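Colleague: Return a 3D structure for these sequence lines:
(one chain, ligands or ions: 1)
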Amino acid sequence: MVDSAEKQRGYEAQLRDAGVRMTRPRRAILKILAETADHPDAMEIFRRAVALDDSISLSTVYRTMKLLEDKGAIQRHAFAGGPSRFEQADGAHHDHLIDIDTGNVIEFQSDRIEELQNEIAKSLGYDIVHHRLELYGRKRRKR
Ligand SMILES: [Zn+2]
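Modeller: Numbers count the residues shown, from 1 in each chain. Take a look at the predicted model:
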């Protein structure tokens, strides 16, 4: 597992390679991204970033996220019914369950689902290159 400081340096290197100047606000955003283990939206990243550096604007956050997404460093999720959420792109493959009442995003991984998807694709004459699976649910009430 890569630690967050190392991850932050990786993000910085990716942006520098893309010809992006490393500014203080950008560095703060990268620090937040490197430390986060959840799926924040741009507003949430902005809120966390401002706590580190109050000169950061929401548009800086959006531009930085776009750059990182273009470089493949982060993944954007367009879950239904809300703003785009972001997560680090280097994690192990997983799918998402979205709680429609709270907006919470729960990660899960199922070998059975992965196998079934491969079977289905194969029977249709395809190899899967990439997939996204999103479940939308409501927490069961305990009775
Ligand atoms: Zn995830």
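Colleague: Domains in this protein, by residue range?
Modeller: Using automatic domain parsing, the domain parsing of the chain gives 4-88, 95-137.
Colleague: give me the beta-bridge partners of the residue nearest to the spatial centre of the chain?
Modeller: Centroid-nearest residue in the chain, with CA atoms, centre = their mean: Glu87, separated by 1.6 Å. Taking DSSP bridges as the rule, Glu87 bridges to Gln75.
Colleague: who in this structure is up against the ion?
Modeller: 87, 107 (CB under 5 Å from the ion). Bear in mind the C-beta positions are built from the backbone N, C-alpha and C, glycine included.
Colleague: ok, which stretches of the chain are strands?
Modeller: All strands of the chain, identified by DSSP state E, fall at 74-77, 85-88, 95-99, 105-108, 134-137.
Colleague: Please identify which of those is closest to Pro40.
Modeller: For Pro40, the closest of those is strand 85-88, at 6.2 Å, according to CB to CB.
Colleague: number of nearby residues for the closest residue in space to Asp53 that isn't next to it in sequence?
Modeller: Spatial nearest neighbour of Asp53, chain neighbours left out: Ala28 (4.5 Å); criterion: CB to CB, 6 or more residues apart in numbering. Using other CB atoms under 10 Å, the number of residues around Ala28 comes to 22.
Colleague: can you pull the contacts of Ala42?
Modeller: By CB atoms under 8 Å, 6 or more residues apart in numbering, the contact list for Ala42 reads 58, 61-62, 65, 83-84, 86.
Colleague: export the strands of the chain to CSV and tack on mean pLDDT?
Modeller: As requested, these are exported to CSV (pLDDT from 0 to 100):
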stretch, mean pLDDT
strand 74-77, 91
strand 85-88, 90
strand 95-99, 95
strand 105-108, 94
strand 134-137, 96
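Colleague: Pick the most buried one from those.
Modeller: Mean neighbour count, computed with mean count of other CB atoms under 10 Å, is highest for strand 85-88 among the strands of the chain, reaching a mean of 21.
Colleague: for it, packing partners?
Modeller: On a contact count with 3 or more CB pairs under 8 Å, 6 or more residues apart in numbering; DSSP states H and E, strand 85-88 meets helix 24-35, strand 74-77.
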